[in-house]
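Student: What would the 3D arrangement of this be:
(2 chains)
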Amino acid sequence: GAVVSQHPSWVICKSGTSVKIECRSLDFQATTMFWYRQFPKQSLMLMATSNEGSKATYEQGVEKDKFLINHASLTLSTLTVTSAHPEDSSFYICSAESPATYEQYFGPGTRLTVT
Amino acid sequence: AQSVTQPDIHITVSEGASLELRCNYSYGATPYLFWYVQSPGQGLQLLLKYFSGDTLVQGIKGFEAEFKRSQSSFNLRKPSVHWSDAAEYFCAVGAMEGGGADGLTFGKGTHLIIQP
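Tutor: Purely as a prediction, here's the structure:
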């Protein structure tokens, strides 16, 4: 089956620094990837839709200047949390859409802790 | 805007008993419905999905779900649960507008506890 990886799986950073999270589709090409955020014991909230070669589409309330998304290739999307603050601490999950089935395959997630 | 309601935050079931997790959705167009399971420290795993056709959908691990348009529901069922089924279960709805999937809208999840 389709596999999506994320790196790193967990990261701790200091307040004010930036952190980059990678999302890769390992065995298929994905023109569309999605980024979600999950707070402890809560649901996943869609943050943005990442399209290869074009600007990401952000959901209402998500700061595009804070959460920079780049989808430079058909197998890689990155999420950069800029000037991170403790309230950005969360579990970030990406998914990649299979062009054959339009099904989304989810990565294992990245736990970000900002101190 | 679409929404998903999972009315049960926690459900406790005895091992070997049957299970039903409820999911109601609100969506303006034809919905594409999903059930995912999330175990501690692991990513989301797709249990089953409904796009069209037969409204009773079979999934992995012995799960099934039935799409009922009149009730806007997509309840997940399993005839006999195993201790390994203890996890968080999410119902989600999406669209296929423009030929590609949109991001999914998730319910708040149901935490399943299995009693020995």
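Student: center of the chain - which residue?
Tutor: Just so you know, I chose chain A. Note on chain A: the residue nearest the mean C-alpha position is A:W35, at 3.8 Å, using Cα atoms, centre = their mean.
Student: Hmm, no, I was thinking of chain B.
Tutor: B:W35 (3.0 Å).
Student: The residue nearest to the centre of chain A sits in which helix or strand?
Tutor: Element membership of A:W35, judged by DSSP states H and E, is strand A:32-38.
Student: What is that strand packed up against?
Tutor: strand A:19-25, strand A:44-51, strand A:67-73, strand A:76-81, strand A:90-97 (3 or more Cβ pairs under 8 Å, 6 or more residues apart in numbering or on different chains; DSSP states H and E). Backbone N, C-alpha and C define where each C-beta goes, glycine included.
Student: about what we covered before: so where does the residue nearest to the centre of chain B fall, helix or strand?
Tutor: Short version: B:W35 belongs to strand B:32-38, going by DSSP H and E.
Student: Please work out which residues outside that strand touch it.
Tutor: Here strand B:32-38 makes contact (Cβ atoms under 8 Å, 6 or more residues apart in numbering or on different chains) with A:106, B:21, B:23, B:25, B:44-51, B:59, B:61, B:63, B:65, B:67, B:74, B:76, B:87-96, B:101, B:104, B:109.
Student: Could you identify the buried members of the residues you listed?
Tutor: A:106, B:21, B:23, B:25, B:44, B:46-51, B:59, B:63, B:65, B:67, B:74, B:76, B:87-95, B:101, B:104, B:109 (16 or more other Cβ atoms under 10 Å in any protein chain shown).
Student: Show only the entries of the residues you listed found in strands.
Tutor: Judged by DSSP state E, the buried ones among the contacts of strand B:32-38 include A:106, B:21, B:25, B:44, B:46-50, B:65, B:67, B:74, B:76, B:87-94 as members of strands.
Student: Excluding chain neighbours, what is closest to residue 76?
Tutor: With no chain named, the answer covers chain A. Leaving out its chain neighbours, the residue that sits closest to A:L76 by Cβ to Cβ, 6 or more residues apart in numbering or on different chains is A:R24, at 5.3 Å.
Student: Chain B, not that one
Tutor: B:L21 (4.3 Å).
Student: Also A:V4?
Tutor: A:G107 (4.3 Å).
Student: right, and the residue nearest to B:L76 touches B:G107 too?
Tutor: No: applying Cβ atoms under 8 Å as the test, B:L21 and B:G107 come out as separate, 9.7 Å apart.
Student: Could you tell me which residues touch both of those two?
Tutor: Common neighbours of B:L21 and B:G107 (Cβ under 8 Å, 6+ apart) are B:6, B:91.
Student: which phi and psi does the residue lying farthest from the centre of chain A have?
Tutor: Ranked by distance from the centre of chain A (Cα atoms, centre = their mean), the top residue is A:A100, with 21.6 Å. Phi and psi for A:A100, reported as degrees, to the nearest 10, are phi -80, psi -40.
Student: one step back: out of everything not next to it in sequence, what's closest to the residue nearest to the centre of chain A?
Tutor: A:M47 (4.6 Å).
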